[in-house]
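Asks: what's the 3D shape of this:
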Amino acid sequence: GGRAAYASNLHPPGAYPPQPEFSVEEGMRNLIENHKAPPAKLLMGITFWASRFAANKIGDPFPINQPGYSDDITYEQAMGLIGSGNYQEFWDEKAGMSYLERKGGGSVVTFENPRSIKLKCEYADKLHCAGIMIWHVGADVYGQHAPLMDIVAESFGVTPQRLSREVLESQILDLQRSLKITADSAKLSQLSDNQAESQR
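Replies: Model prediction:
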């Protein structure tokens, strides 16, 4: 089954029993120690979106692949839930992750906040990684800035930029168009490969 759990916790969770999946730290250690991957050739992945689960508490199980049990929401939507007063915010010290639980039950939200992003950037720097990779740019747009991207910039010694929402949204649209073009060309390439194969 599924579980109301973090997408990319830095360390194993403290708020619920650890899962078989690696935390970021365990995954990086596995690549470096067991697979002999040089840290300087590794990018550490960070998620910018939030995940919402139809569960009462963090770590609660639910039937996997059932419609409506989980969905992805934006950082801005997660902040809106905090602002609604209907959710309580928690910090899992052991995992280095934030999450929300609806006060009346029925909803759990796991998400990165500036504190968890800063910890991940510090960890990537300590490992001497090539850098970080973000899924996906623009998912943290909130008002007229991108708070998670700001922390990434500050962590690596770059001054955050304040951009208008229109500029941020146009960058997201450009990225979405680019991803669609890439996906479409990959499909076309696959189609032509398949046609060539069938003509042999």
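Asks: any idea which residue sits dead centre in this structure?
Replies: residue 47 (1.5 Å; CA atoms, centre = their mean).
Asks: Angles on the backbone of it, please.
Replies: Torsion angles at residue 47 (phi, psi; degrees, to the nearest 10) stand at phi -100, psi 140.
Asks: Show me the strands in the protein, by range?
Replies: Along the chain, the segments classed as strands by DSSP state E run 2-3, 43-47, 50-53, 61-62, 70-73, 87-92, 97-102, 108-111, 131-135.
Asks: Using PDB, write out every CA atom in the fifth one.
Replies: In PDB, the C-alpha atoms belonging to strand 70-73 read as follows (Å, rounded to 0.1, in the frame of the first residue of the first chain):
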ATOM      1  CA  SER A  70      -2.900  11.600  -2.900                       C
ATOM      2  CA  ASP A  71      -2.100  14.500  -5.100                       C
ATOM      3  CA  ASP A  72       0.600  17.100  -5.700                       C
ATOM      4  CA  ILE A  73       0.000  20.700  -4.800                       C
END
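Asks: And the closest residue to residue 154 other than its chain neighbours, its phi and psi?
Replies: Closest residue to residue 154 apart from its sequence neighbours, by CB to CB, 6 or more residues apart in numbering: residue 160 at 6.2 Å. All C-beta spots, glycine's among them, are computed from the backbone N, C-alpha and C. Backbone torsions for residue 160, taken as degrees, to the nearest 10, come to phi -60, psi 150.
Asks: tally of neighbours for residue 160?
Replies: 14 (other CB atoms under 10 Å).
Asks: for it, what are its contacts?
Replies: By CB atoms under 8 Å, 6 or more residues apart in numbering, residue 160 lies in contact with 145, 149, 150, 153, 154.
Asks: I'd like to know which helix or strand in this protein has the lowest mean pLDDT.
Replies: Least confident helix or strand of the chain, by mean pLDDT, DSSP states H and E, is helix 165-199 with a mean of 61.
Asks: Can you list the buried residues in stretch 16-32?
Replies: The neighbour-count check on stretch 16-32 (16 or more other CB atoms under 10 Å) flags 16, 18, 22, 23, 24, 25, 28, 31 as buried.
Asks: Let me have the residues you listed in JSON lines, extended by pLDDT and distance to residue 85.
Replies: Formatted as JSON lines, the buried residues of stretch 16-32 follow (pLDDT from 0 to 100; distance: CB to CB, whole Å):
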{"residue": "16", "pLDDT": "96", "distance to residue 85": "25"}
{"residue": "18", "pLDDT": "86", "distance to residue 85": "32"}
{"residue": "22", "pLDDT": "86", "distance to residue 85": "35"}
{"residue": "23", "pLDDT": "94", "distance to residue 85": "31"}
{"residue": "24", "pLDDT": "94", "distance to residue 85": "32"}
{"residue": "25", "pLDDT": "95", "distance to residue 85": "34"}
{"residue": "28", "pLDDT": "94", "distance to residue 85": "38"}
{"residue": "31", "pLDDT": "95", "distance to residue 85": "42"}
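Asks: Which of the residues you listed sits closest to residue 72?
Replies: Residue 72 lies nearest to residue 24 out of the buried residues of stretch 16-32, by CB to CB, at 18.6 Å.
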